[in-house]
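Visitor: Predicted model follows, preceded by the sequence.
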Amino acid sequence: MYHPEGYKKLLTWQQGMEIYQLTKDFTAKYLDPIKDARLIAHMNDEARSVPQNIAEGNKRGNTRAYLDFLGFSRASNEELKGDYEELKREYKEGIRKVKIGKNKEQIGKNKEEMIREIDEILTKIYGEDCMLGRQIAGLEKRFVAKGSEQEKLSNSRKDCLKKQISDWNRW
């Protein structure tokens with residue numbers, strides 16, 4: 001049976017929401033709200049875009065549009081992955097400084113904790129990409145096998161017109 005919010009049962013949507021929350025928490029905890037304002041907004045927007053595009057695509061009412069929106073989700077996920085990988089590199093190389101803590105020992109612990117959190121989030125992002133890839137492949141397979149909703153409507157319309165012409169020719 002169809003449920004209007006059925007997309008919420010999808011693991012891709014659920015994990016996308018989890019990544020979004022983790023990203024909001026991470027950016028609030030580790031990034032400077034003034035110096036990194038643009039990066040914070042961008043990362044939070046990328047993370048938000050993943051589940052929102054899944055939801056929007058689901059509501060579009062046709063498989064082709066849904067596939068497009070799943071592609072947008074996957075692209076946003078990839079962009080977010082790149083931002084986390086760049087942050088990790090910058091912190092490891094000392095390009096970006098950890099500002100949490102008062103002494104070197106505390107800063108070192110915070111740096112290790114931050115890199116660990118980045119790795120955990122990246123693991124979820126890699127998993128999300130894999131799941132989105134499988135979801136897209138499954139929908140494409142169904143699309144090829146069964147056709148699009150527009151094709152079905154078009155074929156139904158043609159059948160209806162043929163019947164009308166056939167009925168008209170009988171008179």
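Guide: Sure thing, it's come through.
Visitor: give me the number of residues near L39?
Guide: Residues within reach of L39, counting by other C-beta atoms under 10 Å, total 15. Any C-beta I mention is one placed from the backbone N, CA and C, and that applies to glycine too.
Visitor: which ones are touching it?
Guide: Going by C-beta atoms under 8 Å, 6 or more residues apart in numbering, L39 touches T27, L31, D83.
Visitor: L70 against A137, yeah?
Guide: No. Judged on C-beta atoms under 8 Å, L70 makes no contact with A137 at a distance of 10.3 Å.
Visitor: Within the helices and strands, which one has the most centrally placed residue in the chain?
Guide: Computing the C-alpha centroid of the chain and ranking residues by C-alpha atoms, centre = their mean puts V50 first, at 2.3 Å. Per DSSP states H and E, V50 falls inside helix 37-59.
Visitor: Now do the contacts for F72.
Guide: Applying C-beta under 8 Å, 6+ apart, the residues near F72 are S49, N53, G57.
Visitor: Contact partners for E18?
Guide: Listed by C-beta under 8 Å, 6+ apart, the contact set of E18 reads K124.
Visitor: tell me which residues of the helix holding V50 are tucked away?
Guide: Residues of helix 37-59 classed as buried: 40, 43-44, 46-58 (neighbour count, 16 or more other C-beta atoms under 10 Å).
Visitor: a markdown table please, covering the contacts of F72 and showing distance to N110.
Guide: Compiled in a markdown table, the contacts of F72 are given as follows (distance: C-beta to C-beta, whole Å):
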| residue | distance to N110 |
| --- | --- |
| S49 | 29 |
| N53 | 33 |
| G57 | 39 |
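Visitor: what's around Q15, how many residues?
Guide: Q15 has 19 neighbouring residues, counting by other C-beta under 10 Å.
Visitor: I'd say it and Y126 touch.
Guide: No. Between Q15 and Y126 there is no contact under C-beta under 8 Å: 10.9 Å.
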